[in-house]
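**Q** fold the following.
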Amino acid sequence: MSDAPTDRNRLGDAASPYLRQHADNPVNWQPWDEAALSAAREREVPIFLSVGYSACHWCHVMEAESFQDESIAAVLNEEYVPIKVDREERPDLDRIYQTICQLVTQGGGWPLSAWLTPEGKPFYVGTYFPPEESRGRPGFRDLLVGLAETWENDRGEMESRAGEWMDAIEGQVETVEAPEGTEPPGSDLLDTLGESALRAADREHGGFGTTGAKFPHPARIDALLRLYDRTGREAYRDVAYETLSAMATRGMYDHVGGGFHRYATDRDWSVPHFEKMLYDNAELPRMYLAGYQVTGVETYAETVRETLAFLDRELSHPEGGFFSTLDAQSEAGGEREEGAFYTWTPVEVREAVEDDRTADLFCDRFGVTESGNFEGTNVLAIRRGAAELAAEYDLDPEEVEATLDDAREALFAAREERPGPGRDEKVLAGWNGLAISAFSEAGLVLDPGYADRAGEALSFVDRHLRDGETLRRRYEDGVVGIDGYLEDYAFLARGALDHYQASGDVESLRIALDLARGIEAEFWDEGAEALYFTPESGEKLVARPQELTDQSTPSSAGVAIDVLLALDGFVPHDRFADIAEAALSTYRSRVESSPLQHASLALAADRYATGSRELTVVADDLPESWRERIGGTYLPNRLLAPRPPDLDAWLDRLGLAEAPPIWADRDQRDGDPTIYACESFSCSPPTNDVDEALAWFEGG
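**A** Have a look, this model is predicted:
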């Protein structure tokens, strides 16, 4: 055997925990790097690309069935260059080949399996394949052999197909130029989105869609709450309320330890896919905070507290950042089983609680039965209300809640004795940005201590992953790597801006401005008038993707445009606003044709059309009563801009020659904390009364 890199499995030293999980496979897995790509070109063999992530259930299944099989590994090693990619590290690669998979198969997901030419162009794609033909799916072994034979005997056909597929995705991952003179969409785009959301709503079970799995769609909820605030139409509020309530009370929520699972496998949110992702548990709390502001439902605030406590307890790096995921699987009976850490039987509840009446009450509340709802066990979901249980058990509702809280604590303690799910300890810049936003907003709405935690995470990312306007994506066990993508810059810029709003820390604003300049330098193509997902100075792939639709995370283009618009008042030029305007014009037809799929872009367009609701505060510190008042008020597109007392000392550090428009000529009135409210190029008189400033947004 030669000592060429592809003659051995090279994942043992990978920074990604997901890649290291495959280091012991008999497959000679390669990371995506020049050595592997060069080997494919030199050997003139196809690449087999497998994309997954550590918490992916079917990725683990395919590994156990196929990648651990010596005979399958022999075919992969002989006929292909097998490359393994962590989609959380390389979303650019995942975006390109996932787009092909969706176009060709009308489906997608992980594991993503793609057969590529040595130049990286796909000629066959799919997701999970069983080792042998089963349930209408071709067998992986037969596919490997058959495609290798076709490549050997009719390579031209494969290369021709690859060329056609690349042509087909050009309009999906690259720019479709807008007709000359196209303007950005107006404020009516949000109305169109709202009507689409109402039509898609499941009014019986909450959420969107009436068949199959249910996924969280935070941006849709955001749009509905904005529209209710703007129009007073109750249908908007009700659909948002029904969705938030369903997610928080059914099986997608962890009723013992807090936090949300990835999605529900059924229409009524009963059984989740059990992985827990940082991004879900960052984006959803922001929607519950907004829902709390609009409805005053205390359960929403408690859901936020419990979810952020989960993040702080189970996904926190000791130095302040946040880890990426918890697996769906954990050990049970000597084998790894999905959901084993989270599910219960009546016997297990009784053993944990040690009081039959309390156990009965808990089982009645959360639907725990002998037959179960998931493989003979029970996913907890609130099935009966406290008032109903109080009457049945001859207790006050308050006693019911207190008893249930005690039971939950007992179950939590018992669960801690179980083998826990695996944790992917990558710290990703963009996902941390989402978490920083959530903790910052909670710092305004609930408790300032949450903003302190956001500051710890921002400081961690700033120390380890940022160098001025340049950002790296991944930190893992001291190893830093991968050029940041648009989502990293945009999500972290928004997180830094949100932390500045909640804390008044101008250093966080400086970070946001640096990242905005990085967006302009690396991702904005002035000729195409488009925001690309990959940096201009980064690796050149077979296509340069954009991210316009909301997937499991918000559209990075949508968040980038929104944060550029929000930061426009902090710089003396118009470039940020000009980029946002041009990009929205480019994307207008696509967003208008399917607003539900482009909800984050539609929300950014709404900020462009209606403007930010600016609150400039001139004070040594934001008064606590003002924080409570502002945090308790629903203000979509709010921009809280504390003016530092030592402004002149900050200007040079912010890269500014003079006070930016949002701070210029804003001084204290009568020596007391003063607030200025502005919207759509119009401002209120300065006032020392926060209620007066907020009332100005409603016309006084």
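**Q** could you dump stretch 188-199 to CSV, C-alpha only?
**A** The C-alpha trace of stretch 188-199 is given here as CSV (Å, rounded to 0.1, in the frame of the first residue of the first chain):
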residue,chain,number,x,y,z
ASP,A,188,-47.1,45.7,2.0
LEU,A,189,-44.7,42.8,1.6
LEU,A,190,-45.2,42.0,5.3
ASP,A,191,-49.0,41.9,4.7
THR,A,192,-48.4,39.4,1.9
LEU,A,193,-46.3,37.3,4.2
GLY,A,194,-48.9,37.5,6.9
GLU,A,195,-51.7,36.3,4.6
SER,A,196,-49.5,33.4,3.5
ALA,A,197,-48.8,32.5,7.1
LEU,A,198,-52.5,32.5,7.9
ARG,A,199,-53.2,30.2,5.0
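**Q** quick check: buried residues in it?
**A** 189-191, 193-194, 196-198 (16 or more other CB atoms under 10 Å). To be clear about C-beta, it is placed using only N, CA and C from the backbone, and glycine gets the same treatment.
**Q** what about the strands in the stretch 351-500 of the chain?
**A** In the stretch 351-500 of the chain, the strands defined using DSSP state E, counting those that start in this stretch lie at 423-424, 427-428, 466-467, 470-476, 479-483.
**Q** on that earlier part again, between the buried residues of stretch 188-199, which is nearest residue 338?
**A** residue 197 (31.1 Å; CB to CB).
**Q** so which other helices or strands are in contact with the helix or strand where that closest one lies?
**A** Following DSSP states H and E, one finds residue 197 within helix 188-200. For helix 188-200, the elements it packs on are helix 218-231, helix 234-249, helix 575-593, helix 599-610, judged by 3 or more CB pairs under 8 Å, 6 or more residues apart in numbering; DSSP states H and E.
**Q** and the last one with helix 218-231, angle?
**A** Orientation check (axes from the mean of the first three to the mean of the last three CA atoms, to 10 degrees): helix 599-610 against helix 218-231 gives 30 degrees.
**Q** could you check the angle helix 599-610 makes with helix 575-593?
**A** Using the same axes, to 10 degrees: helix 599-610 against helix 575-593 is 120 degrees.
**Q** re earlier: and of the helices and strands packed on helix 188-200, who's closest to residue 37?
**A** Of these, nearest to residue 37 by CB to CB is helix 575-593, at 31.6 Å.
**Q** what does the closest one contact?
**A** Residues outside helix 575-593 that contact it (CB atoms under 8 Å, 6 or more residues apart in numbering) are 175-178, 182-185, 189, 192, 516, 519-520, 524, 528-531, 548, 557, 561, 564-565, 567-568, 598, 601-602, 604-605, 608.
**Q** which among those end up buried?
**A** By 16+ other CB under 10 Å, these give 175, 178, 182, 184-185, 189, 516, 519-520, 524, 528-531, 548, 557, 561, 564-565, 567-568, 598, 601-602, 604-605, 608 as buried.
**Q** among those residues, which are in helices?
**A** Counting by DSSP state H, the buried ones among the contacts of helix 575-593 place 189, 516, 519-520, 557, 561, 564-565, 567, 601-602, 604-605, 608 in helices.
**Q** returning to what we had before: out of the buried residues of stretch 188-199, who's nearest residue 58?
**A** Nearest to residue 58 among the buried residues of stretch 188-199, with distances taken as CB to CB, is residue 197, at 29.7 Å.
**Q** now do the contacts for the closest one.
**A** Counted by CB under 8 Å, 6+ apart, residue 197 has contacts 208, 220, 223-224, 239, 596.
**Q** mind listing what's buried along stretch 450-467?
**A** Here stretch 450-467 shows 450-451, 453-462, 464-466 as buried, counting by 16+ other CB under 10 Å.
**Q** and stretch 86-95, how far apart are its ends?
**A** Length of stretch 86-95, first residue to last, CA to CA, to the nearest Å: 12 Å.
**Q** what's that stretch in contact with?
**A** Identification of contacts with stretch 86-95 by CB under 8 Å, 6+ apart yields 15-16, 18-19, 32, 49, 51-54, 85, 110, 112, 173, 324-325, 424, 426, 428, 473-474, 481-482, 485, 487, 533-534, 541, 545, 547.
**Q** out of the contacts of residue 197, who has the most neighbours?
**A** Sorting the contacts of residue 197 by how many neighbours each has (other CB atoms under 10 Å) puts residue 224 first, at 32 neighbours.
**Q** what's the closest non-adjacent residue to that one?
**A** The shortest distance from residue 224 to any non-neighbouring residue, by CB to CB, 6 or more residues apart in numbering, is to residue 240 (4.1 Å).
**Q** try residue 301
**A** Among residues not flanking residue 301 along the chain, residue 292 sits closest, at 4.8 Å (CB to CB, 6+ apart).
**Q** ok, residue 39 next?
**A** That would be residue 6: by CB to CB, 6+ apart, it lies 4.4 Å from residue 39.
**Q** and for residue 349?
**A** Spatial nearest neighbour of residue 349, excluding adjacent residues (CB to CB, 6+ apart): residue 359 at 5.1 Å.
**Q** what pLDDT does that neighbour get?
**A** Residue 359 carries a pLDDT value of 97.
**Q** which ones are touching it?
**A** 346, 349-350, 353, 407.
**Q** just the strands of the stretch 351-500 of the chain: most buried one?
**A** strand 427-428 (a mean of 29; mean count of other CB atoms under 10 Å).
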